[in-house]
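prediction below, plus the sequence it came from.
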Amino acid sequence: RQFYLVVLGPPSFAKSKQSRYAALRAYTRINALALRCVAPGGLLATASCTSQVGPEAFKDMLAAAAAQAERPCQIIHEAGQPLDHPVPAAFPEGRYLKFVVARAGSRL
């Protein structure tokens, strides 16, 4: 079954720097599985709440997930902390929220 919109909001998979790579593998796997459930032209809304995976690594992971799922995707929106979740300037680790909306293409 495929859907127009699939939303992923998994828990933090990395509590420490040592678990960062295992977390990226888990995020890649779950996003690849989700992309297979998105109808062509549909949307995947995916998020991460771990400070151990930065925004660029998260987008790289999504590209890897798309390749694994054999589903090209385009990032159409990305966001971080909302206005009601401010981060002190001296605490960049506090910017841990990542949110991406991607449009899924047809299977390769």
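The structure has been received and is ready for your questions.

quick one, helices of this structure?
Under the criterion DSSP state H, helices of the chain are mapped to 20-36, 55-69.

from the contact counts, what lies against the longest strand along the chain?
Once the chain is assigned using DSSP state E, the strand that runs over the most residues is strand 38-48. Using 3 or more C-beta pairs under 8 Å, 6 or more residues apart in numbering; DSSP states H and E, the elements in contact with strand 38-48 are strand 3-8, helix 20-36, strand 98-104. Just so you know, the C-beta spots here come from the backbone N, C-alpha and C atoms, and that holds for glycine as well.

let me know the angle separating the second one from helix 55-69.
So the one you mean is helix 20-36. Using axes from the mean of the first three to the mean of the last three C-alpha atoms, to 10 degrees, the inter-axis angle of helix 20-36 relative to helix 55-69 is 50 degrees.

direction-wise, compare the longest strand of the chain with helix 55-69 and give the angle.
Going by the same axes, to 10 degrees, strand 38-48 makes 150 degrees with helix 55-69.

strand 38-48: partners in the sheet, and parallel or antiparallel?
Next to strand 38-48 in the sheet, as set by DSSP bridges, lie strand 3-8 (parallel), strand 98-104 (antiparallel).

please identify the most buried of these.
Highest mean neighbour count among those (mean count of other C-beta atoms under 10 Å): strand 98-104, with a mean of 21.

what's the spacing between the nearest residue to Ala45 once chain neighbours are set aside and Phe91?
Among residues not flanking Ala45 along the chain, Val7 sits closest, at 4.6 Å (C-beta to C-beta, 6 or more residues apart in numbering). Taking C-beta to C-beta, to the nearest Å as the measure, Val7 falls 28 Å from Phe91.

how long is stretch 79-97 end to end?
Across stretch 79-97, the terminal residues are separated by 8 Å (C-alpha to C-alpha, to the nearest Å).

burial of Leu33, as a residue count?
Leu33 is flanked by 14 other residues according to other C-beta atoms under 10 Å.

ok, the residue nearest to it when sequence neighbours are not counted - contacts?
Nearest residue to Leu33 in three dimensions, chain neighbours excluded: Ala69, at 7.5 Å (C-beta to C-beta, 6+ apart). Ala69 makes contacts with Asn31, Ala32, Leu33, Leu35, Arg36, as judged by C-beta atoms under 8 Å, 6 or more residues apart in numbering.
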